[in-house]
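Participant: This is a predicted model, with the sequence first.
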Amino acid sequence: MEMILFIGMQASGKTTYFKQCFFGTHVHISMDVLRTRHREQLFLQACLKTQQRFVIDNTNPTRDERRRYIDAARQAQFRVVGYFFHPDPALSYERNQAREGKQRIPPAGLFGTLKRLEWPVYEEGFDALYIVHARDGRFDVAPYPMHPQREQLAR
């Protein structure tokens with residue numbers, strides 16, 4: 001079975017990508033929807049116990065934050081796949097400004113996540129990693145290099 005872990009700042013296209021690529025095949029686990037860690041944990045455990053494919057659609061900016069999901073998936077013999085949404089602060093800010101109500105993140109939160117963002121590495125426990133560039137309403141997805149240099153990934 002498979003766990004997909006999204007990594008990226010708010011308004012980087014993660015949920016839109018989920019809807020386009022995984023809606024029909026994977027359970028969507030998102031703090032935006034579930035609102036509490038308790039609910040999130042219940043969904044996560046249900047997917048692991050029933051061998052159901054799922055996507056963790058949160059920012060997951062640090063290795064420590066990603067570890068809880070990766071460790072749980074590994075223990076249940078799930079394949080762990082990461083999708084790193086390349087940061088584009090200007091575009092994320094613009095998308096965020098178009099959101100309404102509680103969906104809009106205060107700029108301090110948006111850029112705070114960017115400051116905390118640690119680029120993923122295979123050694124965290126990923127079986128596969130991809131980099132996603134969101135451009136003009138479409139997503140360009142490419143394999144993530146084994147030993148990335150930020151310049152390689154900027155495109």
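Facilitator: Structure received. If you're wondering where the values come from, they're calculated on a predicted model, not measured in any experiment.
Participant: Please make it C-alpha for all contacts and neighbour counts, starting now.
Facilitator: Fine.
Participant: in the protein, which spans are helices?
Facilitator: 14-21, 31-34, 37-50, 63-75, 89-98, 107-116, 150-154 (DSSP state H).
Participant: Need those in JSON lines (columns: distance to residue 8, mean neighbour count and mean pLDDT).
Facilitator: Conversion of the helices of the chain to JSON lines gives the following (distance: least, C-alpha to C-alpha, whole Å; neighbours: other C-alpha atoms under 10 Å; pLDDT from 0 to 100):
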{"stretch": "helix 14-21", "distance to residue 8": "7", "mean neighbour count": "16", "mean pLDDT": "95"}
{"stretch": "helix 31-34", "distance to residue 8": "14", "mean neighbour count": "13", "mean pLDDT": "88"}
{"stretch": "helix 37-50", "distance to residue 8": "18", "mean neighbour count": "15", "mean pLDDT": "96"}
{"stretch": "helix 63-75", "distance to residue 8": "12", "mean neighbour count": "15", "mean pLDDT": "98"}
{"stretch": "helix 89-98", "distance to residue 8": "10", "mean neighbour count": "15", "mean pLDDT": "78"}
{"stretch": "helix 107-116", "distance to residue 8": "8", "mean neighbour count": "14", "mean pLDDT": "79"}
{"stretch": "helix 150-154", "distance to residue 8": "14", "mean neighbour count": "10", "mean pLDDT": "50"}
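Participant: Distance to residue 5 added to those, as CSV?
Facilitator: CSV is the format used below for the helices of the chain (distance: least, C-alpha to C-alpha, whole Å):
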stretch, distance to residue 5
helix 14-21, 10
helix 31-34, 13
helix 37-50, 12
helix 63-75, 8
helix 89-98, 19
helix 107-116, 16
helix 150-154, 19
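Participant: what's near enough to touch the residue lying closest to residue 26 once chain neighbours are set aside?
Facilitator: Spatial nearest neighbour of residue 26, excluding adjacent residues (C-alpha to C-alpha, 6 or more residues apart in numbering): residue 54 at 4.4 Å. Applying C-alpha atoms under 8 Å, 6 or more residues apart in numbering to residue 54 gives the contacts 2, 3, 4, 26, 27, 28, 29, 47.
Participant: ok, so of those residues, who is nearest residue 138?
Facilitator: residue 4 (19.5 Å; C-alpha to C-alpha).
Participant: burial of residue 124, as a residue count?
Facilitator: 14 (other C-alpha atoms under 10 Å).
Participant: and it, how far is that from residue 67?
Facilitator: 7 Å (C-alpha to C-alpha, to the nearest Å).
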